[in-house]
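> Predicted model follows, preceded by the sequence.
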Amino acid sequence: MRTLPMATTPFQHLSSSPPFLSSLRFPTSSFASSLTGFTSSRRLALFHLGTAIPQSELLGGKTLKLFRMEGNMLEAGTAGNMAQAAVSEGNVLEWAKTDKRRMLHVVYRVGNLDKTMKFYTECLGMKLLRRRDIPEERYANAFLGYGPEDSHFLVELTYNYGVDKIDIGTGFGHFGIAVEDVAKIVDLVKAKGGKVTREPGPVKGGKTVIAFVEDPDGYKFELLEREPTPEPLCQVMLRVGDLDRSIKFYEKAFGMELLRKRDNPEYKYTIAMMGYGPEDKSAVLELTYNYGVMEYDKGNGYAQIAIGTDDVYKTAEAIRLCGGKITREPGPLPVINTKITACLDPDGWKSVFVDNADFLKELE
């Protein structure tokens, strides 16, 4: 799925590339804060959970009547309904842990598409998989990565005509790329006129050799020296205001696994690596908490991550139950019928879930 190209209309069908991959757009002035404008969502008949119901509604505003029987308290009336709802909620949260999920791609805005593509292909070794120019909507986008879309994590770069300067903000951190020789890539970046913000060397407190470089818009890339990996585009780092809250949300609502957590009191920050597979073989989300910092400016550059799921309806329910905000109700996109749902995490970071089967159909 290609989500949120930043054009002036909320949604638009693209005819010659997998259409749902570019179905959601940003307004030129700012990113769309919610995914609206679709036809009413429809739910699967077999999935009858509904939204999370507050306890006050379950109780109908009345106190439960309790009956004492042989020393045991038995709840009458709505007590049975509450137990039933609890079982259903437990089922959907357990399902989220076993759903077939994968990080598909990350979307963000750039100020010069050709210049950025040149940097990514010549310096970072990515391949251009697809580019689309939509002059009538005054935007263009490009999809780059290290392998085919059905098995690799990609970047989607979006350029809005006339928007040449990007405000990255303070919330987005960096992307991570696994390479076999960090120094070699750094030398190449320098030779091409790129910016190196951290020279190659061991990470503080560890042995892994890393370096940091910046693309033409100032997006940071951490280069991590590793053995060959099936997923070189391996990290997206976002800053959060409450790490424990975020870990709980991504574990329960997104079905991610906490791969590791490391506190760095000397530098006053803590990180948590979350994902659907080991760090050396799959893309992961790196959540960072800086001591005492609860809120961040998100700017207008970074947009969202797209994630595959076997059921967008159950996914939306799990997100609701965990306190996430649904910004696009689950259901099919107009015309193309690809099913998606979109949400915000507790810090306001956006993710879009797309039906796995529909995703593969569109790629065909």
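Done, it's in. What you see is a predicted model, and the numbers here were worked out from it, not measured in a lab.

> What ranges in the protein fall below the confidence cut-off?
Residues of the chain that meet the criterion pLDDT under 70 lie in 1-87.

> what about the helices in it?
For the chain, helices defined by DSSP state H occupy the ranges 55-58, 79-98, 113-122, 182-191, 243-252, 312-321, 356-363.

> So for F175, which of those helices sits nearest?
helix 113-122 (10.4 Å; C-beta to C-beta). Glycine gets a C-beta too; all of them are placed from N, C-alpha and C.

> is it true that Y219 touches G173?
No: Y219 is beyond contact range of G173, at 9.9 Å (criterion: C-beta atoms under 8 Å).

> who touches the residue nearest the centre of the chain in this structure?
By C-alpha atoms, centre = their mean, the chain has its centre lying nearest to I305, at 2.6 Å. Contact analysis of I305 by C-beta atoms under 8 Å, 6 or more residues apart in numbering lists 103-107, 236, 285, 350-352.

> and those as JSON lines, adding neighbour count?
Output for the contacts of I305, formatted as JSON lines (neighbours: other C-beta atoms under 10 Å):
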{"residue": "M103", "neighbour count": "24"}
{"residue": "L104", "neighbour count": "25"}
{"residue": "H105", "neighbour count": "25"}
{"residue": "V106", "neighbour count": "21"}
{"residue": "V107", "neighbour count": "29"}
{"residue": "V236", "neighbour count": "23"}
{"residue": "L285", "neighbour count": "25"}
{"residue": "K350", "neighbour count": "25"}
{"residue": "S351", "neighbour count": "23"}
{"residue": "V352", "neighbour count": "26"}
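
> Return the subset of these lying in strands.
The strands, defined by DSSP state E, take in 103-107, 236, 285, 350-352 from these.

> List just the nearest of the contacts of I305 to L321.
So of the contacts of I305, ranked by how close each gets to L321 (C-beta to C-beta), first place is S351, at 15.9 Å.

> if I look at the residue nearest to that closest one when sequence neighbours are not counted, how far off is V182?
For S351, ignoring the flanking residues on the chain, the nearest one in space by C-beta to C-beta, 6 or more residues apart in numbering is I305 at 5.2 Å. To V182, I305 is 25 Å away according to C-beta to C-beta, to the nearest Å.

> Kindly report the same for D133.
35 Å.

> try D215
Taking C-beta to C-beta, one finds D215 at 17 Å from V182.

> ditto for M126
M126 is 17 Å from V182, by C-beta to C-beta.

> With neighbour numbers in mind, choose between the two.
For M126 and V182, the more surrounded residue by other C-beta atoms under 10 Å is V182, and the numbers stand at 23 against 20.

> for the closest residue to I307 other than its chain neighbours, what are its contacts?
Leaving aside its chain neighbours, I307 sits nearest to F353 (5.2 Å; criterion: C-beta to C-beta, 6+ apart). For F353, the contacting residues are 306-309, 312, 315-316, 340-343, by C-beta under 8 Å, 6+ apart.

> run the last query once more with 10 Å
F353 sits next to 1, 99, 101, 104, 254, 305-312, 315-316, 319, 328, 330, 339-343 when contact means C-beta atoms under 10 Å, 6 or more residues apart in numbering.

> For G205, list the residues it contacts.
Listed by C-beta under 10 Å, 6+ apart, the contact partners of G205 are 262, 264, 266-267.

> Do you have the strands of the stretch 201-350 of the chain handy? List them.
Counting by DSSP state E, counting those that start in this stretch, the stretch 201-350 of the chain has strands at residues 209-214, 220-225, 233-239, 257-264, 269-275, 284-290, 302-309, 325-332, 339-344, 350-355.

> got the CA coordinates for the fifth one in CSV?
Spelled out, it's strand 269-275. Only the C-alpha atoms of strand 269-275 are listed here, as CSV (Å, rounded to 0.1, in the frame of the first residue of the first chain):
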residue,chain,number,x,y,z
TYR,A,269,17.5,8.3,27.3
THR,A,270,16.0,4.9,27.0
ILE,A,271,15.2,2.9,23.8
ALA,A,272,12.9,0.0,23.0
MET,A,273,13.2,-2.1,19.8
MET,A,274,9.8,-3.3,18.7
GLY,A,275,9.0,-5.5,15.7
